[in-house]
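Novice: Need coordinates for the below:
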Amino acid sequence: MLSALGNVWKIPELRQKITFTLIMFAIFRMGTHIPVPGVDPTAIEQLFANGNLFGLLDLFSGGAFSKFSIFAMSITPYINAAIIIQLLNVVIPTLEQWSKEGQEGHKKTTQVTRYLTVVLAFFQAIGMSIGLKAAILNPSPVNILIIAITLTAGTVFLMWLGEQITANGVGNGISLIIFAGIVAALPKNIGTIYHYVQAGTISYFSVFMFALIAIAMVVFVVHVENGFRRIPISYTKRVGSRGTYGGHSSHIPLKVNQAGVIPIIFASSVLMFPVTIAQFIDIPWVKTVASYLEWGKPLQTTLYVGMIIFFTYFYTAVTVKISDMAENLKKYGGFIPGIRPGQPTADYLDHVMTRITLAGSIFLAFIAVLPNMVAAATNIQGVYFGGTALLIVVGVALQTMKQIEAMIVMRHYEGFMK
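Specialist: Residues are numbered from 1 along each chain as shown. Next comes the predicted model:
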């Protein structure tokens with residue numbers, strides 16, 4: 001392993017890319033400590049001490065939200081914009097056409113996503129500024145507008161930073177920024193566990209159980225994230241003007257967790273909405289509804305699991321076009337052994353995808369409620385582990401390692417992923 005890591009630094013191009021990525025990480029972490037002007041940090045800290053809703057949002061911003069820094073909204077508006085554009089591909093013909101135009105179409109889609117990011121970021125910043133008005137020293141309309149513009153500029157800068165990492169660094173820049181924010185919270189969580197042990201609140205056995213569960217879940221997530229159902233494909237042999245071609249075999253890899261982390265984001269956003277509203281308004285029935293939807297309550301957990309399963313099927317149906325796969329197989333002379341080309345192939349692929357998606361949705365639901373089970377098993381409170389954070393960290397790490405592995409193998413070095 002050490003020799004394989006040494007091979008990374010033997011390649012000048014790869015060494016420059018990794019160095020550039022680390023510099024961008026440093027800039028991101030410095031930005032999380034630059035406060036937004038006109039905000040009382042003490043009032044913000046009191047809001048975060050009230051519950052885990054703001055703590056969950058703070059996790060993905062790398063601590064920037066709890067400090068209400070210029071990166072308080074993180075890259076979330078860009079992610080929301082990208083998801084919206086992806087879903088609109090189904091209903092807007094222009095976007096669907098761009099998705100089929102290769103690199104040029106991708107540039108157009110990226111440009112629209114950027115504009116939508118600015119719009120979403122500005123409205124989200126306005127909502128945050130009004131919702132956190134109690135923490136603003138002078139909550140006049142002008143000051144709220146200045147804070148909103150500052151937060152929007154921070155998100156746009158992170159979007160640019162992510163694109164620079166993608167172009168000049170290693171891995172997907174947007175994903176790596178989220179990854180860096182989550183990993184940055186690890187020292188704080190370790191420090192929290194250490195203080196619990198020093199105070200006698202938890203035992204060393206609980207810490208050992210927590211570490212054991214953490215390692216087991218990482219292994220489990222890696223195993224599922226690399227899980228595929230390979231559908232065998234055969235191609236008919238054809239004779240053309242340049243000789244015989246075709247006649248070989250291949251496979252279609254259908255991923256178990258095709259939807260990724262999106263269903264958890266959708267489900268948590270829907271369930272967080274009434275709880276978020278209840279934080280800022282004083283209406284009795286809203287408070288009552290929000291109390292039943294608090295994190296860990298039986299109703300919230302039941303709805304959470306059900307929504308994750310639903311959104312997994314929904315997002316997979318939108319993004320995986322079974323009919324196009326079957327049509328392309330028929331067009332290029334491919335077929336599944338024992339299945340006729342055309343509609344029978346589409347029906348078979350849809351049947352297999354439905355069964356795989358069920359397994360993937362149950363996996364996502366289990367991962368999403370993992371923090372509750374970890375807290376109950378170890379009695380360690382206030383340390384967020386599992387769910388979206390675990391999936392993002394493992395997924396981004398695997399994706400980045402595969403890219404580094406490919407670059408190492410291209411230079412005729414032995415890789416480090418056995």
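Novice: Every contact and neighbour count from this point should use C-alpha atoms.
Specialist: OK.
Novice: burial of A406, as a residue count?
Specialist: Using other C-alpha atoms under 10 Å, A406 is surrounded by 13 other residues.
Novice: Can you pull out the residues in contact with stretch 96-113?
Specialist: For stretch 96-113, contacts defined as C-alpha atoms under 8 Å, 6 or more residues apart in numbering pick out 78, 81-82, 85, 89-90, 95.
Novice: Now do the buried residues in that stretch.
Specialist: Using 16 or more other C-alpha atoms under 10 Å as the test for burial, stretch 96-113 gives 96, 98-99, 105, 109, 113.
Novice: What residues does L88 make contact with?
Specialist: With C-alpha under 8 Å, 6+ apart as the criterion, the residues that contact L88 are L95.
Novice: Pull up the gap between it and Y315, please.
Specialist: L88 sits 12 Å away from Y315, going by C-alpha to C-alpha, to the nearest Å.
Novice: what is in contact with the two at once?
Specialist: With contacts defined as C-alpha under 8 Å, 6+ apart, no residue is shared by L88 and Y315.
Novice: following the lowest-mean-pLDDT helix or strand in the chain, which helix or strand shows up next?
Specialist: In the chain, no helix or strand scores lower on mean pLDDT, DSSP states H and E than strand 243-246, which sits at a mean of 54. Per DSSP states H and E, the first helix or strand lying C-terminal to strand 243-246 is strand 249-255.
Novice: How about residues contacting whichever helix or strand comes after that following strand?
Specialist: Along the chain past strand 249-255, the next helix or strand (assigned with DSSP H and E) turns out to be helix 262-280. Surrounding helix 262-280, the residues in contact under the criterion C-alpha under 8 Å, 6+ apart are 53, 131, 286-287, 289-291, 293-294, 300, 304, 307-309, 311-312, 315, 364-365, 368, 387-388.
Novice: Quick check: buried residues in helix 262-280?
Specialist: Neighbour-count burial for helix 262-280 flags 262-268, 271-272, 274-275, 278-279 (criterion: 16+ other C-alpha under 10 Å).
Novice: same deal with stretch 159-170?
Specialist: Burial within stretch 159-170, assessed by neighbour count using 16+ other C-alpha under 10 Å, is assigned to 159, 161-162, 164-166, 168-170.
Novice: And for stretch 193-213?
Specialist: Within stretch 193-213, the residues that qualify as buried by neighbour count (16+ other C-alpha under 10 Å) are 193, 196, 202, 206-207, 210, 213.
Novice: Following the longest helix along the chain in sequence, what is the next regular element?
Specialist: Residue-count comparison of every helix in the chain, with assignments taken from DSSP state H, identifies helix 102-131 as the longest. On the C-terminal side of helix 102-131, the nearest following helix or strand under DSSP H and E is helix 141-168.
Novice: helix or strand right after that next one?
Specialist: Later in the chain than helix 141-168, the nearest helix or strand by DSSP H and E is helix 173-183.
Novice: Can you work out which other helices and strands pack against that next one?
Specialist: Helix 173-183 makes packing contacts with helix 12-31, helix 52-60, helix 141-168, helix 387-410 when contacts are defined by 3 or more C-alpha pairs under 8 Å, 6 or more residues apart in numbering; DSSP states H and E.
Novice: tell me the domain ranges of this protein?
Specialist: Domain assignment for the chain, taken from automatic domain parsing, gives 8-185, 198-383.
Novice: and the ones you listed, which is most packed in?
Specialist: For the domains of the chain, average neighbour numbers computed from mean count of other C-alpha atoms under 10 Å are highest in domain 8-185, which has a mean of 18.
Novice: can you give me the helices in the stretch 201-350 of the chain?
Specialist: Per DSSP state H, counting those that start in this stretch, the stretch 201-350 of the chain carries helices over the ranges 204-225, 262-280, 284-292, 298-319, 322-331, 343-368.
Novice: and the shortest one with helix 298-319, angle?
Specialist: Looking back up the chat, that one is helix 284-292. Counting by axes from the mean of the first three to the mean of the last three C-alpha atoms, to 10 degrees, helix 284-292 lies at 80 degrees to helix 298-319.
Novice: Just give me how far helix 284-292 sits from the chain centre.
Specialist: Here helix 284-292 shows a centroid-to-chain-centroid distance of 29 Å under the convention C-alpha atoms, centre = their mean, to the nearest Å.
Novice: what's the answer for the second one, then?
Specialist: Taking C-alpha atoms, centre = their mean, one finds helix 262-280 lying 16 Å from the centre of the chain it belongs to.
Novice: likewise the last one?
Specialist: On the basis of C-alpha atoms, centre = their mean, helix 343-368 sits 20 Å off its chain's mean C-alpha point.
Novice: other SSEs contacting that helix?
Specialist: In terms of contacts (3+ C-alpha pairs under 8 Å, 6+ apart), helix 343-368 is packed against helix 262-280, helix 298-319, helix 322-331, helix 387-410.
Novice: Taking helix 298-319 as reference, get the angle to that helix.
Specialist: For helix 343-368 against helix 298-319, the angle by the same axes, to 10 degrees is 150 degrees.
Novice: Convert the C-alpha atoms of the helix or strand following helix 343-368 to CSV, please.
Specialist: On the C-terminal side of helix 343-368, the closest following helix or strand by DSSP H and E is helix 370-378. Taking only C-alpha atoms (Å, rounded to 0.1, in the frame of the first residue of the first chain), the coordinates of helix 370-378 have been written out as CSV:
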residue,chain,number,x,y,z
LEU,A,370,-28.8,4.3,11.4
PRO,A,371,-28.1,7.3,13.7
ASN,A,372,-31.1,6.3,15.9
MET,A,373,-29.8,2.8,16.2
VAL,A,374,-26.2,3.8,16.9
ALA,A,375,-27.4,6.2,19.7
ALA,A,376,-29.6,3.6,21.3
ALA,A,377,-26.9,0.9,21.2
THR,A,378,-24.0,3.0,22.5
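Novice: Give me the distance between helix 370-378 and the centre of its chain.
Specialist: 22 Å.
Novice: and if you look at stretch 196-206?
Specialist: Taking C-alpha atoms, centre = their mean, one finds the center of stretch 196-206 at 32 Å from the center of the full chain.
Novice: ok, back up a step: next, format the helices and strands packed on helix 173-183 as a markdown table and append mean pLDDT and distance to F220.
Specialist: Output for the helices and strands packed on helix 173-183, formatted as a markdown table (pLDDT from 0 to 100; distance: least, C-alpha to C-alpha, whole Å):
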| stretch | mean pLDDT | distance to F220 |
| --- | --- | --- |
| helix 12-31 | 88 | 28 |
| helix 52-60 | 58 | 22 |
| helix 141-168 | 90 | 28 |
| helix 387-410 | 79 | 10 |
